[in-house]
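K.L.:
coordinates only, sequence not included:
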């Protein structure tokens, strides 16, 4: 079993829809969590950090559920420009392991 | 301010050769990490360096090595290249060592093709 798992998608949703992704992790010692966005043939770019209390940035909401060991990303009122691959990142408390999920592909259609 | 810069942007090598990839972190960042990303997968962690010392290593063979210089720039070396080493190699920097809620900032990557 992979340490960090994501549904690879692709998710194909209409513009304006709400879409949610989950990312599960297996190591309970994991300490820090992030969502990154990666466009085709580009480098990953930080989307947002993920906190236990949940955090929101405009149309994006990220949540962490330590008990069930998953993080989530919710995108409201999706735009065409949201089409990308979304990667979750989990960092272990030892600071020696930084693990990316395999990414979830999102395609927004007009 | 310049972001993370990597060189070269593209590289073609043949099996058995050796390659050196270079990375300059964002000014003021002391931590550099290297990742390998093959098509359709997320980046796989190779190394993390902080203050010129190796602080983390992923599951890569000894053919992969790296170092960090006093100016915090870094090199990734891969010996005895295999076809499976063809990938995008990403460098990321952060102000401090990972372990806190400090995100990494990525360079554009070096696309390595092995023939």
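P.N.:
Alright, I've got the coordinates. Just so you know, these numbers come straight off a predicted model, no measurement behind them. Numbers count the residues shown, from 1 in each chain, chains lettered A, B, ... in the order given.
K.L.:
for the nearest residue in space to residue A:51 that is not next to it in sequence, grab the count of nearby residues.
P.N.:
Leaving out its chain neighbours, the residue that sits closest to residue A:51 by C-beta to C-beta, 6 or more residues apart in numbering or on different chains is residue A:64, at 6.3 Å. In this view, the C-beta of every residue, glycine as well, is placed from N, C-alpha and C. Neighbourhood size, residue A:64 [other C-beta atoms under 10 Å in any protein chain shown]: 20.
K.L.:
what pairs with whichever helix or strand residue A:64 is part of, parallel or antiparallel?
P.N.:
Element membership for residue A:64, per DSSP states H and E: strand A:60-65. Here strand A:60-65 has these sheet partners by DSSP bridges: strand A:55-57 (antiparallel), strand A:70-75 (antiparallel).
K.L.:
now do the first one: everything it contacts.
P.N.:
Going back to what we said before, that points to strand A:55-57. Applying C-beta atoms under 8 Å, 6 or more residues apart in numbering or on different chains, the contact partners of strand A:55-57 are A:48-49, A:61-62.
K.L.:
how about residue 20: which residues does it bridge to?
P.N.:
Just going to use chain A. Beta-bridge partners, per DSSP bridges, of residue A:20: residue A:74.
K.L.:
think we crossed wires, I meant chain B
P.N.:
Under the criterion DSSP bridges, residue B:20 forms beta bridges with residue B:77.
K.L.:
any regions of chain A where pLDDT drops low?
P.N.:
By pLDDT under 70, the low-scoring segments of chain A are A:93-96.
K.L.:
let's see that with 90 instead.
P.N.:
A:1-3, A:7-9, A:27-32, A:41, A:51-54, A:91-98 (pLDDT under 90).
K.L.:
interface residues of it facing chain B?
P.N.:
Neighbours of chain B within chain A, by C-beta under 8 Å from any C-beta of the partner chain: A:6, A:31-32, A:34, A:42-46, A:49, A:51, A:87, A:91, A:93-103.
K.L.:
go through those residues and flag which are in strands.
P.N.:
A:6, A:31-32, A:34, A:45-46, A:49, A:87, A:91, A:98-100 (DSSP state E).
K.L.:
drop anything exposed from those residues.
P.N.:
For those, a neighbour count by 16 or more other C-beta atoms under 10 Å in any protein chain shown gives the buried set as A:6, A:32, A:34, A:49, A:87, A:91, A:98-100.
K.L.:
in JSON lines: those, plus distance to residue B:6.
P.N.:
Output for those, formatted as JSON lines (distance: C-beta to C-beta, whole Å):
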{"residue": "A:6", "distance to residue B:6": "26"}
{"residue": "A:32", "distance to residue B:6": "24"}
{"residue": "A:34", "distance to residue B:6": "21"}
{"residue": "A:49", "distance to residue B:6": "24"}
{"residue": "A:87", "distance to residue B:6": "19"}
{"residue": "A:91", "distance to residue B:6": "22"}
{"residue": "A:98", "distance to residue B:6": "18"}
{"residue": "A:99", "distance to residue B:6": "21"}
{"residue": "A:100", "distance to residue B:6": "18"}
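K.L.:
all strands of chain B, in order?
P.N.:
Under DSSP E, chain B gives strands at B:5-7, B:10-13, B:19-24, B:31-37, B:44-50, B:53-57, B:64-68, B:74-78, B:87-94, B:105-106, B:110-114.
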